[in-house]
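Following is a predicted model, sequence given first.
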Amino acid sequence: MSDTSPSPAYVDSSLPVLPGSPLAASVLSSAILEALADAVIVYDAVGRVVGGNPAAVDLIGLDLPGRRKALAAPIGEREAGAELLTLQGEPLPRDEWPAVRVLRGEALTGEHTVDLLTHTVAGQERILNVSGAPLLDSGGEMVGAVCAARDITARKQLEYQLAERAAELETIFATQVEGVVLIAADGHIVRMNEAQQRLLAARGIEPTARIETWAQQNPPCDAAGQVVPRERLVYYRALHGETVTGEQALELYHRIPEGGDLVLRISGAPVRDPQGHIVGVVLTSYDVTQQRLLERQRLDIMRVVVHDLNNPVSALRLYVQMQQRRLAQGQPPLLPGDQLLSQMDYGLARMQRLLDDLRVATKVELGTLDVQRTRHDVAALCREEAAAQQAVTGRAVQVQTPPQPVWVEVDAERIGQVIANLLTNALKYSPPDRPVYVTVGTADGMARVVVRDEGPGIPSHEQQHLFEQFHRVAGIETQDGSGGLGLGLYISKAIVTQHDGEMGVESAVGHGSTFWFNLPLSTST
Ligand code: ADP
């Protein structure tokens, strides 16, 4: 307890020899107590300090006359100072002072020992673990108490530091965006953080107690859909001492019940005990689904753009080349001039639409979509678009509009694009022999345009995603196999919203689809 040479034990020889035993002297006489690092303090029946071993002399200042005097007072009368504190730094009520408790008859041993905070006479903070027992005379009468205080400052500080580290790690573990799972060497899942639980919930996977069950129930696949053999799995490799990070991280594809894949990038490392034995594995899962989806969409877009531009361009070039050849050979043209021009115009219009979609989508993305509003009859816009589509496709488009104009303040070109998109979709996704219906009406100060088809219908869980950029419903094919970019509805909704209107869909698989939008009616005359 002291840096200097040990103090001699203190025995208050002025006190009367207590009945049955010369109390302090008898307790403290042992050489073991002399050498003991724990402070041992002896009290008489009223709690006066009657002795202490050298460690106690240093701790409570028994060699200082002032302290000695204070401590010689009965414990109940001793001035309650701040010398005994709880671990939280609050003064310990006198009733709970170890010596008072012992003198009440309690034995402070085993789990009943008390941890408390105090200061040495030199002013150093100490955390003590105090035990104590009553001293009984040969007749069983309590004649005093003995308390032993062990300095546990260093141990407690270490515990505090460990607890702090543990709390820091716990916070990192809990708040990490990556999923983290701790697996014991026997495959038992010890812990997983919230991010991991969310990843599992997204896949509809119930957490299992063992990693093998988990892998059996949800076989991890590679990008090609092949089940990844056990030896390549990060868990297995880490269990065999490999640290799998960075470039080596493994991407696993998990089918999710509602369709699509969840793509996880898995890293991992072995956990070792102090002897270096592998006792478990930590796996980190990073959700890269969105990244992979975007990459695939980018490729799809390229493919569709190339395909959609290639077809009209090739057809146009073919016509032009054939025409040139015939002209060179002095033969009459393949097609009369006006027909050739209208074929060319059709091809160019297709290309123009594709480019328009890409241009408007970019503007929507950048937030720079502007609309030039003027007063238009939305019913007339619908009739014009229906007639144009009917002419191109030869399909029946039945239009129902009120007898009087339905005036709205709109950018006619853009709203025309919306009507064209809905009509094109209705026509291209429904069988050629089924008509498409366009209805225009008004209600609650709004114009309402409804485009209905008798096509395949759209599953309800897909409907909320239809208006997202590049979203295409798997399994719904166009009648001519031409595909699409998944931009039409995204653009259309953005245009309608820009006009303070709304857009939506009602559909059921096997019962066709009804797309609608509304726009505020013009209030000017
Ligand atoms: P695109 O038709 O170019 O793919 P859209 O944004 O217009 O893009 O449509 C998105 C997806 O919504 C389509 O790919 C298709 O799967 C689905 N869809 C749109 N309209 C209909 C419809 N009338 N009937 C069935 N599915 C439709």
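Received it, and whenever you're ready, just let me know what you need.

And the strands in the stretch 251-400 of the chain?
For the stretch 251-400 of the chain, the strands defined by DSSP state E, counting those that start in this stretch cover 261-272, 278-287, 374-377, 397-400.

Quick check: which of the ones you listed is nearest to the ligand?
Nearest of the strands of the stretch 251-400 of the chain to the ligand, taken as CB to the nearest ligand atom: strand 397-400 at 13.2 Å. (C-beta placed from N, C-alpha, C; glycine too.)

Mind giving me the packing neighbours of the next helix or strand after the closest one?
Note on strand 397-400: by DSSP states H and E, the next helix or strand toward the C-terminus is strand 407-410. Counting contacts by 3 or more CB pairs under 8 Å, 6 or more residues apart in numbering; DSSP states H and E, strand 407-410 is packed against strand 374-377, helix 378-393, strand 513-520.

what's the closest of these to Thr368?
Closest to Thr368 of the helices and strands packed on strand 407-410, according to CB to CB: strand 374-377, at 20.3 Å.

Could I get the average pLDDT for the closest one?
In this model, strand 374-377 carries a mean pLDDT of 96.

now swap in stretch 507-519 and tell me
Averaging pLDDT along stretch 507-519 gives 96.

I'd like to check what contacts that stretch. Which residues are they?
By CB atoms under 8 Å, 6 or more residues apart in numbering, the list of residues contacting stretch 507-519 from outside reads 378, 408, 410, 415, 418, 422, 425-426, 429-430, 443, 446-460, 463, 489, 492, 496, 499-506.

got the buried residues for that stretch?
The neighbour-count check on stretch 507-519 (16 or more other CB atoms under 10 Å) flags Ser507, Gly512, Ser513, Thr514, Phe515, Trp516, Phe517, Asn518, Leu519 as buried.

Just list the residues touching the residue minimising distance to the centre of the chain, thanks.
Nearest to the geometric centre of the chain sits Ala195, at 4.3 Å (CA atoms, centre = their mean). Ala195 is in contact with Gln176, Val177, Glu178, Gly179, Val180, counting by CB under 8 Å, 6+ apart.

so what's the closest residue to the ligand within the stretch 51-200 of the chain closest to, chain neighbours aside?
Closest contact between the stretch 51-200 of the chain and the ligand, by CB to the nearest ligand atom, is at Leu199 (27.6 Å). Residue nearest to Leu199 in three dimensions, not counting chain neighbours: Gly179, with 4.7 Å by CB to CB, 6 or more residues apart in numbering.

Share the number of residues neighbouring that neighbour, please.
Using other CB atoms under 10 Å, Gly179 is surrounded by 21 other residues.

how about the strands of the stretch 251-400 of the chain in a markdown table, adding distance to Gly330 and mean neighbour count?
Formatted as a markdown table, the strands of the stretch 251-400 of the chain follow (distance: least, CB to CB, whole Å; neighbours: other CB atoms under 10 Å):
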| stretch | distance to Gly330 | mean neighbour count |
| --- | --- | --- |
| strand 261-272 | 61 | 19 |
| strand 278-287 | 68 | 20 |
| strand 374-377 | 51 | 16 |
| strand 397-400 | 44 | 16 |
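
List the beta-bridge partners for the residue nearest to Leu103 when sequence neighbours are not counted.
Nearest residue to Leu103, sequence neighbours excluded (CB to CB, 6+ apart): Ala145, at 5.2 Å. Beta-bridge pairing of Ala145 under DSSP bridges involves Tyr43, Pro134.

So Ala145 is in contact with Arg48, correct?
No: counting by CB atoms under 8 Å, Ala145 stays clear of Arg48, with 10.6 Å between them.

For stretch 284-304, give me every contacting residue.
With CB under 8 Å, 6+ apart as the contact definition, stretch 284-304 has outside contacts at 177-181, 196, 199, 249, 251, 260-268, 470, 483-486.

when you scan it, is anything in it near the ligand?
No: using CB under 6 Å from any ligand atom, stretch 284-304 stays clear of the ligand, coming no nearer than 8.0 Å.

then stretch 86-104 to CSV, C-alphas only?
In CSV, the C-alpha atoms belonging to stretch 86-104 read as follows (Å, rounded to 0.1, in the frame of the first residue of the first chain):
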residue,chain,number,x,y,z
THR,A,86,-20.0,4.4,-3.3
LEU,A,87,-18.3,3.5,-6.6
GLN,A,88,-20.4,6.2,-8.2
GLY,A,89,-18.8,8.7,-5.8
GLU,A,90,-21.8,9.3,-3.5
PRO,A,91,-21.1,9.4,0.2
LEU,A,92,-21.8,6.0,1.7
PRO,A,93,-24.5,6.3,4.5
ARG,A,94,-23.1,5.5,7.9
ASP,A,95,-25.5,2.5,8.2
GLU,A,96,-23.7,0.9,5.3
TRP,A,97,-20.2,1.4,6.5
PRO,A,98,-18.6,-2.0,6.5
ALA,A,99,-17.6,-1.8,10.2
VAL,A,100,-21.1,-0.6,11.2
ARG,A,101,-22.6,-3.6,9.4
VAL,A,102,-20.2,-6.0,10.9
LEU,A,103,-20.9,-4.6,14.4
ARG,A,104,-24.6,-5.1,13.6
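
Tell me the buried residues in it?
Leu92, Trp97, Pro98, Ala99, Val100, Arg101, Val102, Leu103.

Can I get the strands of the stretch 251-400 of the chain in TSV including distance to Gln217?
Shown next, in TSV, are the strands of the stretch 251-400 of the chain (distance: least, CB to CB, whole Å):
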stretch	distance to Gln217
strand 261-272	14
strand 278-287	16
strand 374-377	58
strand 397-400	50
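
Out of these, which is closest to His307?
Closest to His307 of those, according to CB to CB: strand 261-272, at 24.4 Å.

Buried ones in stretch 183-193, by neighbour count?
Within stretch 183-193, the residues scored as buried using 16+ other CB under 10 Å are Ile183, Gly187, Ile189, Met192, Asn193.

Let's have the residues you listed in JSON lines, adding pLDDT, secondary structure and distance to Glu206.
JSON lines is the format used below for the buried residues of stretch 183-193 (pLDDT from 0 to 100; DSSP: H, G, I helix; E, B strand; the rest coil; distance: CB to CB, whole Å):
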{"residue": "Ile183", "pLDDT": "93", "secondary structure": "strand", "distance to Glu206": "17"}
{"residue": "Gly187", "pLDDT": "89", "secondary structure": "coil", "distance to Glu206": "17"}
{"residue": "Ile189", "pLDDT": "89", "secondary structure": "strand", "distance to Glu206": "12"}
{"residue": "Met192", "pLDDT": "90", "secondary structure": "strand", "distance to Glu206": "12"}
{"residue": "Asn193", "pLDDT": "91", "secondary structure": "coil", "distance to Glu206": "17"}
